[in-house]
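*Asks:* Compute the structure for the input listed below.
(one chain, ligands or ions: 1)
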Amino acid sequence: MSDTWNRGVPDGDSAPSAELRTDIPHPARMYDYYLGGKDNFPADRAAAAKVVELLPSAPAGSRANRRFLGRAVRFASELGIRQFLDIGTGIPASNNTHEVAQAVAPESRVVYVDNDPIVLAHARALLKGTPQGRTAYVDADFRDPGSILNAPQTKELLDLSQPVALLAVALLHFFADGDHPLDLLGQFKAELAPGSVLILTHGTGELMPPEIARSIEAVYTQSGLNITSRTHDEVLRFFDGMELVEPGIVPVHEWRTDGHEDDRVMTREEVAGYAGVAIKRG
Ligand SMILES: C[S@@+](CC[C@H](N)C(=O)[O-])C[C@H]1O[C@@H](n2cnc3c(N)ncnc32)[C@H](O)[C@@H]1O
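*Replies:* This is a model prediction of the structure:
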């Protein structure tokens, strides 16, 4: 494990930081619940269970999102990309970005970013890289791109004059239009060298009955969390200035599927997210 990894990250098994509120739902822990993880608390489970009641396929959709992440990281690795900036990492699960990237190229370097104290508490214990590659964790907020791009870990691991894969997977729907997620993402995209890729998924209510979409949004709002469903065209705007690779923006299970049985049986109505990957040209 690199020295960089340790900076600012508590021992994996140590008590979570004081900011950790277990009495209110957190997106990372609700997602962990959908994925069948154990890092969630009663408040997370109660909110997530309400979503599952409305959309029984939410856990399957979350697993499909994870599988997309794996396919897209492999795609970037096979393009020759060896550096990854994964914003909104989530609680470590199977096939984390560095595991997929370093399976293709052990020298791959990954900087993970999240602002949730529970992700921070798990980071060191679970995100270990190959001896040849390196991984680091930055405890920072997407709303402050400078704190991510100028973090010592980012500067040490990533050479922004070379292509980078920027991941914003199941992240941007946590930002209302008033948070200016397009501008925020644009600040990261502006720093990317030609040949870089953007890997993105985004929640949508477009593929399900509107009343279900509204009820899901209400569960999050009542829990004090923002969730903003976006249409296909709105998601497309996040890729402005980049060239989408085939098949464009599609429901997550349809993006370059590798024939996984669960993706094959999943219907569009069951999936609550769009996925896309784009390349920055010179
Ligand atoms: C649904 S999880 C997605 C995890 C992973 N990217 C995946 O798709 O498997 C969303 C993650 O975004 C993180 N997140 C939400 N708002 C954030 C912010 N303002 N800055 C950084 N991370 C944020 C949450 O803490 C959570 O871990």
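
*Asks:* which stretches of the stretch 51-200 of the chain form strands?
*Replies:* Counting by DSSP state E, counting those that start in this stretch, the stretch 51-200 of the chain has strands at residues 83-87, 109-114, 134-139, 165-169, 197-203.

*Asks:* Can you find the helix or strand of the chain with the lowest average pLDDT?
*Replies:* helix 3-6 (a mean of 31; mean pLDDT, DSSP states H and E).

*Asks:* what helix or strand does A278 sit in?
*Replies:* strand 273-279 (DSSP states H and E).

*Asks:* Name the residues of that strand that come out as buried.
*Replies:* The neighbour-count criterion (16 or more other C-beta atoms under 10 Å) identifies G273, Y274, A275, G276, V277, A278, I279 as the buried residues of strand 273-279. All C-beta spots, glycine's among them, are computed from the backbone N, C-alpha and C.

*Asks:* Stretch 193-203 now?
*Replies:* For stretch 193-203, using 16+ other C-beta under 10 Å, the buried residues are S196, V197, L198, I199, L200, T201, H202, G203.

*Asks:* Report the backbone C-alpha coordinates of it in PDB.
*Replies:* Only the C-alpha atoms of stretch 193-203 are listed here, as PDB (Å, rounded to 0.1, in the frame of the first residue of the first chain):
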ATOM      1  CA  ALA A 193      -6.200  15.700 -21.400                       C
ATOM      2  CA  PRO A 194      -7.300  14.600 -24.900                       C
ATOM      3  CA  GLY A 195      -8.000  10.900 -24.900                       C
ATOM      4  CA  SER A 196      -9.600  11.000 -21.400                       C
ATOM      5  CA  VAL A 197     -12.900   9.400 -20.800                       C
ATOM      6  CA  LEU A 198     -16.000  10.300 -18.800                       C
ATOM      7  CA  ILE A 199     -17.900   7.300 -17.300                       C
ATOM      8  CA  LEU A 200     -21.200   8.300 -15.900                       C
ATOM      9  CA  THR A 201     -24.500   6.900 -14.700                       C
ATOM     10  CA  HIS A 202     -27.500   8.900 -13.700                       C
ATOM     11  CA  GLY A 203     -30.800   8.100 -12.100                       C
END
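
*Asks:* Centre of the chain to it, how far?
*Replies:* 11 Å (C-alpha atoms, centre = their mean, to the nearest Å).

*Asks:* Would you confirm that Y33 contacts P42?
*Replies:* No. Y33 is beyond contact range of P42, at 10.6 Å (criterion: C-beta atoms under 8 Å).

*Asks:* tally of neighbours for E261?
*Replies:* Applying other C-beta atoms under 10 Å, we find 7 residues neighbouring E261.

*Asks:* ditto for the one 10 residues further on
*Replies:* The local packing of V271 (other C-beta under 10 Å) involves 25 other residues.

*Asks:* I am finished for the moment; much appreciated.
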